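> just to be clear, the model below is a prediction. Sequence and coordinates:
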Amino acid sequence: MSEAQAAAGGNSAGTGENTTIFILEGEDGSSYKCQFLDRFELDGNDYAVLLKVAEGEEDEEELDEDEQPLVIMRVNESESQTVFQVIESEEEFDKVVAFVEEMVEAESGAMGDEDEE
């Protein structure tokens, strides 16, 4: 999935549950359906967190619920399109992953606090 890049204009589809699905196309021509989870800014760049979605029974078996891969991509707006780009720099990718992990931990902690009330 690391080579995936897609323009979202016309390639997104709502499922009726306030869920946005994007179809990302890799450089090898294969397509991937990903659910949009979150968007954030870090160091002046925008990023999106996407979840790869199983497309059929074979994919569902391959993508166990606990193992569905998250995809993190840089987001660029150009004219009327949202373009997802691969994070090529290992240093930038590591920094973004660490930030996402911190967001998840903070959200998990906040949810735990709500459960205690």
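Yes, it's here.

> use CA for all of it now, contacts and neighbours both
Fine.

> got the buried residues for the helix ranked longest in the chain?
Using DSSP state H to define each element, the chain has its longest helix at helix 90-116. Buried residues in helix 90-116, counting neighbours by 16 or more other C-alpha atoms under 10 Å, are found at F93, V96, V100.

> wait, which of these is closest to F36?
V100 (14.2 Å; C-alpha to C-alpha).

> okay, the closest one: pLDDT?
pLDDT for V100: 93.

> cool, and A54?
For A54, pLDDT reads 77.

> which residues of this protein score low on pLDDT?
Applying pLDDT under 70 to the chain picks out residues 1-18, 56-68, 112-117.

> what does the host helix or strand of D46 contact?
For D46, the host element (DSSP states H and E) is strand 45-52. Strand 45-52 is touched from outside by 32-41, 68-76, 84, with contacts defined as C-alpha atoms under 8 Å, 6 or more residues apart in numbering.

> how about it: buried residues?
Within strand 45-52, the residues that count as buried by 16+ other C-alpha under 10 Å are Y47, A48, V49, L50, L51, K52.

> can you pull the phi/psi pair for the residue lying closest to the fifth one once chain neighbours are set aside?
Distances taken as C-alpha to C-alpha, 6 or more residues apart in numbering place L70 nearest to L51, at 4.6 Å, with adjacent residues excluded. Dihedral angles of L70 (phi, psi; degrees, to the nearest 10) stand at phi -80, psi 150.

> now for the longest helix of the chain, which elements pack on it?
Counting contacts by 3 or more C-alpha pairs under 8 Å, 6 or more residues apart in numbering; DSSP states H and E, helix 90-116 packs against no other helix or strand.

> taking the contacts of strand 45-52, please make a PyMOL selection of just the buried ones.
Buried residues among the contacts of strand 45-52 (16+ other C-alpha under 10 Å), as a PyMOL selection:
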select buried, resi 32+33+34+35+36+71+72+73+74+75+84
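
> now, which of the contacts of strand 45-52 lie within helices?
Going by DSSP H, the helices hold none of those.

> angle of the longest helix of the chain against strand 45-52?
70 degrees (axes from the mean of the first three to the mean of the last three C-alpha atoms, to 10 degrees).

> burial check on F22, number of neighbours?
Burial of F22 is recorded as 26 neighbouring residues (other C-alpha atoms under 10 Å).
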